[in-house]
Each structure stands twice: as C-alpha cells, then as structure tokens.
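**Q** okay, predicted coordinates and the sequence, questions at the end:
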Amino acid sequence: MTTIEYAQLYIDGQWTAPASAERIRVTEAATEEPLGSVPAATERDVDAAVGAARKAFDDPEGWATWSPARRGDVLERFAAALEARGAETARRVSVQNGMPLWLAQNFEAGFPALLLRYYAATRPSRSSSSARPSRPATPWCSSRRRRPCWTHS
C-alpha cells in the first residue's frame, strides 16, 4: 500500500512549512482505510503561492519572454517526467478515488503528457501575431500581447 505523507507545501520553487499544523487525511476509496495525510493550506499559504506565481509571471527573464522553442523544450521535459512517473500516478489516483486503473493510466497518467507534447509541437506553426480565441464570450486576443486573454487593459 502506498503511504502518502507530505510535511510541507511546494511554494516558490521550494518545500515550505505550512502556516498551520492542520492536516487533510487521505483515504483509500474502496476500504476507507487511511493512506496518509497532507498539509491543509491556509489563506496565508495560498497567498504566498499566488504571490510566487505572480512574481514568476512578471519576471522579465521568465516564461513569458522565452522563445516558443525554449518553452516547447520545457514542455517536452515536463511530459517525459510525467511519463516516467505515470504508473505510480495512475496507481495512486486509482487507490485514492476508486477510478479503474486502466482509466487512471489513460487519463490521469497518459493524457497530461500527451497534451503537453501537443502544445510543444505547435510552437513552430504559430507566429507571434496569431490570434487565438479566448474564453467563451470574451474578445479575441493576440499571443503577442503576453498577457492573459481575459484582461482588457
């Protein structure tokens, strides 16, 4: 049986002690036996994570300024890392929520890597001025703007 125990939260590129000692119990779906526990993030923890994400997004040397080829390379490496952990990911998902293993293997372990590779492969075919649809019922936006489509400033 897999034991799931994390003492810290991953925030801003490092494992960080949570603001609270509160834990979330992880149980096996079929037996309701405990599998372990994870930290319960507080509002302060969430604010720290959102702040780190904002800092990373606004970084003048960060992702938004990288070439499509560099971003594609990162997506490829991420896909490979997910595939390497795919069997364990599928097993854990199956045990935690009762999803059939074959379904977890295809959708929780396999599909994320497939999707990352799809986006990595589209990099050469997109120009920086291509327009893509944003969320439904919002205006179109250009990837050249380097800002979320749902902002209107």
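**A** Everything's here; your move.
**Q** any buried residues in stretch 43-52, and which?
**A** Neighbour counts over stretch 43-52 (16 or more other Cβ atoms under 10 Å) mark 45, 48, 49, 52 as buried. Where C-beta positions appear, they are placed from N, C-alpha and C, glycine not excepted.
**Q** excluding its backbone neighbours, what's nearest the last one?
**A** Counting by Cβ to Cβ, 6 or more residues apart in numbering, residue 52 lies nearest to residue 12, which is 3.6 Å off, once chain neighbours are set aside.
**Q** go ahead and confirm that neighbour touches residue 48.
**A** Yes - between residue 12 and residue 48 a contact is recorded at 7.1 Å, counting by Cβ atoms under 8 Å.
**Q** thinking again about what came up before, tell me the contacts of the residue nearest to residue 52?
**A** 48, 49, 51, 52, 55 (Cβ atoms under 8 Å, 6 or more residues apart in numbering).
**Q** one more time with 10 Å
**A** Residues near residue 12 by Cβ atoms under 10 Å, 6 or more residues apart in numbering: 48, 49, 51, 52, 53, 55, 56.
**Q** residue with max distance from the center of the protein?
**A** residue 31 (28.6 Å; Cα atoms, centre = their mean).
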